[in-house]
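Enquirer: how would this look folded up:
(chains A and B)
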Amino acid sequence: GAVVSQHPSWVICKSGTSVKIECRSLDFQATTMFWYRQFPKQSLMLMATSNEGSKATYEQGVEKDKFLINHASLTLSTLTVTSAHPEDSSFYICSARGQSGESEAFFGQGTRLTVV
Amino acid sequence: GESVGLHLPTLSVQEGDNSIINCAYSNSASDYFIWYKQESGKGPQFIIDIRSNMDKRQGQRVTVLLNKTVKHLSLQIAATQPGDSAVYFCAARDDKIIFGKGTRLHILP
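Expert: Residues are numbered from 1 along each chain as shown, chains lettered A, B, ... in the order given. Take a look at the predicted model:
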């Protein structure tokens, strides 16, 4: 299957700072990318959907000003957690899908964010 | 919206036995379903998928069954191995992939 790479795989930051997580599709062009958040022993919760060149669509309850998503190219999407707080500590996972109509989406390995 | 849930949070299976993980969904319009395996600290890994025009699909050691009448799908893993230990999620896909709660599969030696 196709490869989706996230960076960093883990990060620790201080409260009030911002953290950027990158999601890259390495061998295909990702028309659509999805960002998920997963708390311990819970399922993946979809945060937002981004299409290349368009503004992201956020799920209900997700603050778009706090979780900035940029999908400027067909191989890169970024999630920036602004003014991070301890409650933002979580496992963030991206997923990428190729051409519209393709069913399978490929997942990154996840980024563990710890805010201290 | 879609709601996808699993019946059991934890399933313990003897090594070598078959495992069956169940999932219920609520949106009868969902037409594509996926099973994922997630190991600790990693992203979900695609296992097998099925479209709503099918009721069964087989892969290597895995089989997915879809019952649209009762909106239920299951994942069967044959001859469960220690490497199968993970959390398994069912997911329904329309424009986006919505995950169920997950079942942790624990393999007994």
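
Enquirer: ok, residue 85 - contacts?
Expert: In the absence of a named chain, chain A is used. A:Ser15, A:Gly16, A:Val115 (CB atoms under 8 Å, 6 or more residues apart in numbering or on different chains). Using the backbone N, CA and C atoms, a C-beta is placed for each residue, glycine as well.

Enquirer: Correction: the question concerned chain B.
Expert: Counting by CB under 8 Å, 6+ apart, B:Ser85 has contacts B:Glu39, B:Leu105, B:His106, B:Ile107.

Enquirer: Now the first one: closest residue in space that isn't a chain neighbour?
Expert: Read it as B:Glu39. B:Ala86 (4.8 Å; CB to CB, 6 or more residues apart in numbering or on different chains).

Enquirer: Contact partners for the residue of chain B found nearest chain A?
Expert: The minimum distance from chain B to chain A, using CB to the nearest CB, falls at B:Gly43 (4.0 Å). B:Gly43 makes contact with A:Val4, A:Gln6, A:Ile93, A:Phe107, A:Gly108, A:Gln109, A:Gly110, according to CB under 8 Å, 6+ apart.

Enquirer: B:Glu15 now?
Expert: Here B:Glu15 is in contact with B:Thr80, B:Gln81, B:Pro82, B:Ile107, B:Leu108, B:Pro109 (criterion: CB under 8 Å, 6+ apart).

Enquirer: where does chain B dip in pLDDT?
Expert: Applying pLDDT under 70 to chain B flags residues B:1-8.

Enquirer: Could you list the residues of it in contact with chain A?
Expert: Residues of chain B found near chain A (CB under 8 Å from any CB of the partner chain) are B:32, B:34, B:36, B:41-46, B:49, B:89, B:93, B:95-102.

Enquirer: Just the closest residue of chain A to chain B, please.
Expert: Closest point on chain A to chain B, by CB to the nearest CB, is A:Phe107, at 4.0 Å.

Enquirer: you'd agree that residue is up against A:Tyr92?
Expert: No: A:Phe107 is beyond contact range of A:Tyr92, at 11.5 Å (criterion: CB atoms under 8 Å).
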